[in-house]
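Sequence and predicted model, in that order:
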2 protein chains.
Amino acid sequence: MVILAARYRPRRTLGAMKTIDTIISARWVIPVEPDGACLDRHSVAVDNGVIVDVLPTAAAEKKYRGRETIELAEHALIPGLVNAHTHAAMTLFRGLADDLPLMDWLNRHIWPAEAKWVGPEFVRDGSELAAAEMLKSGTTCFNDMYFFPEETAQVVHATGLRACLGMILIDFPTAYAQSPDDYLDKGLALHDTWRNSELISTAFAPHAPYTVSDGPLEKICTLNNELNLPVHMHVHETAFEVEQALAKHKLRPLARLKKLDLLGPQLAAVHMTQLLPEEIAALAGNGAHVLHCPQSNLKLASGFCPVHALMQAGVNVALGTDGAASNNDLDMLDELRSAALLAKAVAADPTALPAASALRMATLNGARALGLDERIGSLTAGKAADITAIDLGCISSQPVYDPISQIVYAAGRDQVTDVWVAGKRLLHTGRLTTLDEAEILAKAKQWRDKISGK
Amino acid sequence: MVILAARYRPRRTLGAMKTIDTIISARWVIPVEPDGACLDRHSVAVDNGVIVDVLPTAAAEKKYRGRETIELAEHALIPGLVNAHTHAAMTLFRGLADDLPLMDWLNRHIWPAEAKWVGPEFVRDGSELAAAEMLKSGTTCFNDMYFFPEETAQVVHATGLRACLGMILIDFPTAYAQSPDDYLDKGLALHDTWRNSELISTAFAPHAPYTVSDGPLEKICTLNNELNLPVHMHVHETAFEVEQALAKHKLRPLARLKKLDLLGPQLAAVHMTQLLPEEIAALAGNGAHVLHCPQSNLKLASGFCPVHALMQAGVNVALGTDGAASNNDLDMLDELRSAALLAKAVAADPTALPAASALRMATLNGARALGLDERIGSLTAGKAADITAIDLGCISSQPVYDPISQIVYAAGRDQVTDVWVAGKRLLHTGRLTTLDEAEILAKAKQWRDKISGK
C-alpha cells in the first residue's frame, strides 16, 4: 500500500504536455460508465475541479503534467458514493431506541426526542458528525430531509461536500416551522440562498403521504411546475401506511400522489416496500425514481422493496442509508452490500442485482434521482471530480480476481482512504481535511450526556 | 482512544493483593452471560489463560496486581466471536465467481477450481489468510469444513487460534481422499492427533445429504455413539435440495437424517432455509443446532432461515459466515448485523432478534453448537480468556447510548483493536502477533496469479 502524495515531478519533454491540477493514478479505475468497466492501471486527470480525462497511466504520463500527482498502487477509484436518502442531523440519535416497531419508534421515542432537542445547534452538530462519517466511508453527495436545513447547508458548504437539501414540509408544527406555509417559505428561502451554488442543490421534501395533506402537496406541485426540482418523499414504507391511506382517502398513497399530479420524473420515492405490479409499471411509465434503503426496511421490518422487478421494469433505483437513528450508520459500502445480497433473495434469483449494477445504484442512479447525473455519478470527462479511493491491498480483500466484486461484496469503510469532491481532497489518507474530528467527537459526547440525562 | 499497553504498575498495598497475568480494564464489559448485561468500567482478570474474575475496575485495582495491565478507555470487551460455519481455505477463491445460482456456482466454478488447485499447500496458505482475516475482525474460534484439515490444524496451532475442525466426508473422490472410508480414516487420524489439544477440537463433517449416501452416514452415527462429537453438515440449504431428496429418497433431507438417527443434540445443521413448522418442532425436540449463514443464503438466493421461529421454539441458533467464496468475507460483525436486520424482516417483527440476542448468537450459541460452551462463549470466571476489544470511540459509533446496540448495528471490523485467545494476545492494537501479514499478502497474490492464469 504505497501512497505517494502530492509529488511534483519535473519532466524533460515539456513540449506537448498539458499542465493540470491533479493526476490520480490507481491500480484500477471503475468509471461506472460504461457499465461494468474496470480499467487496469489508469489515471484520472483533474483540472479546476472537473475530470478532464480518464486514460491509461502510461498515456497520462506523456500527455499531462500534474501540479499534484497521486499514485495509489493498490487502490480502485470509483465515483464518489451518492447517499440518496438521509436525515443527517439525526446521527445524534444513533442507537437511542432500537428493536421497536416503526410507529412506536416514531411516536414514543424519535418524535418526543426531536420535540425536546432539535434546534439549529443540534442540526449543525449532527450534520457535522454525519458529514465526517460520510466522508470517511466514501460518500461525496447526500440527499437530506430534515428540519433547519439552513444549518446543514452551512456545514456542507464549510466542509466542501455536495448535497441536495430538502425543503421539508410536514403538517404539524415543530421548532422549525409553524404551518405548511411556514415550512414552504423557509424552504424557498433556502432554495434562493443556494440557487447558484456548485455543490448545494435543493429538493421539495414533503415528509410522507400520511403526514402531509392535499393542500400543501398541491402547492408544491404548482411551485414545481416552474422550479422543476426533485420531490423527495417517504412513500409506501409499510403495509400499515397503505392500509391507513385506504381507510382515510380510499386510495393507496401512490394513487393519491398520481391524482395530485406528483407521480412524474421529479418524484424520488423513498422505501417503496409495498408495491403492486401495476404500481411498478406506473412508476416506470412516469419516470419516477425509487430511493431504496434496505437496512432500514429490514431493521424496522417494513417489508421488502422489489428492487429486481423495479429495475427490470426500467425504474431508476438509487440507494440510501436512511438516518443513523434507524439504520444505524451512514455507511454506503455496507448498504451497497446489503442491497446486492437482499435483491437476490427477494427476487429468488442469484443473478439479480450483480455487483456492477449495485455499484451503479450507489453512484450514477443516485445522481439521476437528484437530477445531477450530468454533473456527477461516474468518472467521465466533463463531470465534477467527485472520486473515492478504496484500498484493495488489505488482507480482507485478497485475492483480487475482480475489483468490482471485491468492492461490493467484501470491502469495508476502513478501506476508503481518499475522497475528492469537485477536485478538492476532503479525505487525505484517512484524515479529514476540512473537519475537526476531535471537536466533533467531543460535541457528540456532550449531546449524549445531555440527551441521556447524565 | 487511549491504549496503554503492557504497563507494569508497582503498588504500595501488597498484602491482600493477588498477582495474576493480565488485567484488562475497559469502558464497558459485555459478558453475554447474564443476557443483555453491559458492565460500566469493569475489568477482566486473566490468569493462566483463564478468566478468573470480572469486576468493577475500582475493585480490580484493590484485589489484583497484573503482570500486564491494559486500559481500554473507549472500548467494549465482548467474548471472542465464534464463526460457526467456515471453509477457511476457500478464502483463496474469494470473488472468483459471483452472481451465479448455487448449483452452477458449484458445478461450473468452485468444484472445477477445487479439482485443479486444492492440495496441502493451498489449504495451508488459504487457512493462514483466513486466520489473519478472522483475528483482525474479532473472531477467536471457527468451525471449519474443508479438505486437508490437517493443514488447517497446523495453521490454527501455530497461530494460537481456537477451532473445531471437520472430519470432512463426501461420496466422490478428491485430491484429499478416494472413498468415504478413506475420508473417515483420515478424519479419525486428525481427531487422534489433536484429541488432547486445548484449542483444537474435531467434528464429523459429512458435506450434505445430497453428497453423502446412507452407508457412510450410518458409519458416522455408529462411531459417534462413542465419540460424541458435533456432526457439522449443510442441510436444507435450497428448495432444490429438498425437491431432489423427495424424488430420490421419498423423504425430505431432515427426515432422512432422523431415520438414520442423526437428528440429535450433536447435529449442527448449516443453512436450514427450507423448514416446515413440524421440522422446527423436531429440531427443538431433539436438541439439534442450526448454523445460520444469512449473507450466503441471500447471495445465493437460497431462501430465508426462519431464525425468530427457531429461537421461539427453543432451537439453539449459531452464526457463521460460510466460506469467503460465497459470502465474500469472514467478518462476523458484518454477519451479525445482517442476521439481526434480516431476522426482523423475515419474522415481520422489528422486535425479533434484538441486539443482545444477536450478540449471543455470534458467541455463546456458537460455543454451544460446538459443545464448547463450558469453555468459551461468555466472559465468565472459569472460562478461557477468549476476548475481543472493540473501540467505540470513533466517529461512526457516536454517540454511545447503548454499547450493545452500537456493536450490533453500527460497528465495523476496523473497530476491533485487540483479540485474546486463551489469554494470549493474538491481535495487539490492530497488529497480528503470530502471523506475518506481509507474507500472507504476498502468497495470496501468487495464488491469484496462478489461479487466474496470469
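Received the coordinates, thanks.

tell me the helices in the stretch 201-350 of chain A, going along the chain?
Counting by DSSP state H, counting those that start in this stretch, residue ranges of the helices within the stretch 201-350 of chain A are A:214-227, A:239-249, A:253-259, A:277-285, A:294-299, A:307-312, A:332-347.

and those helices as TSV, adding mean pLDDT, mean neighbour count and distance to chain B?
Bear in mind the C-beta positions are built from the backbone N, C-alpha and C, glycine included. As requested, the helices of the stretch 201-350 of chain A are exported to TSV (pLDDT from 0 to 100; neighbours: other CB atoms under 10 Å in any protein chain shown; distance: least, CB to the nearest CB, whole Å):
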stretch	mean pLDDT	mean neighbour count	distance to chain B
helix A:214-227	98	15	29
helix A:239-249	96	15	9
helix A:253-259	98	20	20
helix A:277-285	98	16	20
helix A:294-299	97	26	4
helix A:307-312	98	20	10
helix A:332-347	98	26	4
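
quick one: which of those helices is nearest residue B:389?
The minimum distance between residue B:389 and those falls on helix A:332-347, with 21.3 Å, by CB to CB.

and after the closest one, which helix or strand comes next?
Following the chain from helix A:332-347 toward its C-terminal end, the next helix or strand by DSSP states H and E is helix A:355-361.

Quick one: list the elements packing against the host helix or strand of residue A:72.
The secondary structure element spanning residue A:72 is strand A:64-79 (assigned by DSSP H and E). Identification of packing neighbours for strand A:64-79 by 3 or more CB pairs under 8 Å, 6 or more residues apart in numbering or on different chains; DSSP states H and E yields strand A:3-7, strand A:18-29, strand A:39-47, strand A:387-391, helix A:403-409, strand A:416-421.

Nearest to residue B:363, out of the ones you listed?
Proximity to residue B:363 (CB to CB) singles out helix A:403-409 among those, at 24.8 Å.

what's the spacing between the closest one and its chain's center?
In terms of CA atoms, centre = their mean, to the nearest Å, the centre of helix A:403-409 is found 19 Å from the chain centre.

ok, the closest residue to residue A:342 other than its chain neighbours - contacts?
Counting by CB to CB, 6 or more residues apart in numbering or on different chains, residue A:342 lies nearest to residue A:294, which is 5.0 Å off, once chain neighbours are set aside. Under the criterion of CB atoms under 8 Å, 6 or more residues apart in numbering or on different chains, the contact list for residue A:294 reads A:305, A:319, A:335, A:338-339, A:342.

same thing with residue A:219?
Residue A:219 is in contact with A:180, A:184, counting by CB under 8 Å, 6+ apart.

How about the one 10 residues further on?
Contact criterion CB under 8 Å, 6+ apart gives A:191, A:201-204, A:266, A:371 as the residues in contact with residue A:229.

What about these, which one has the most neighbours?
Neighbour tally across these (other CB atoms under 10 Å in any protein chain shown): the maximum, 30 neighbours, falls on residue A:204.

Tell me the pLDDT of that one.
Residue A:204 is assigned a predicted lDDT (pLDDT) of 98.

Quick check: neighbours of the helix or strand just after the strand holding residue A:72 in the sheet, parallel or antiparallel?
Towards the C-terminus, the helix or strand next in line after strand A:64-79, according to DSSP H and E, is strand A:81-86. On the basis of DSSP bridges, the sheet neighbours of strand A:81-86 come out as strand A:139-144 (parallel).

re the thing from before, residues of the strand holding residue A:72 that come out buried?
When burial is assessed from 16 or more other CB atoms under 10 Å in any protein chain shown, strand A:64-79 yields the following buried residues: A:64-66, A:69-72, A:74-79.

picking that back up, least confident of the helices and strands packed on strand A:64-79, on average?
The weakest mean pLDDT among the helices and strands packed on strand A:64-79 belongs to strand A:3-7, with a mean of 38.
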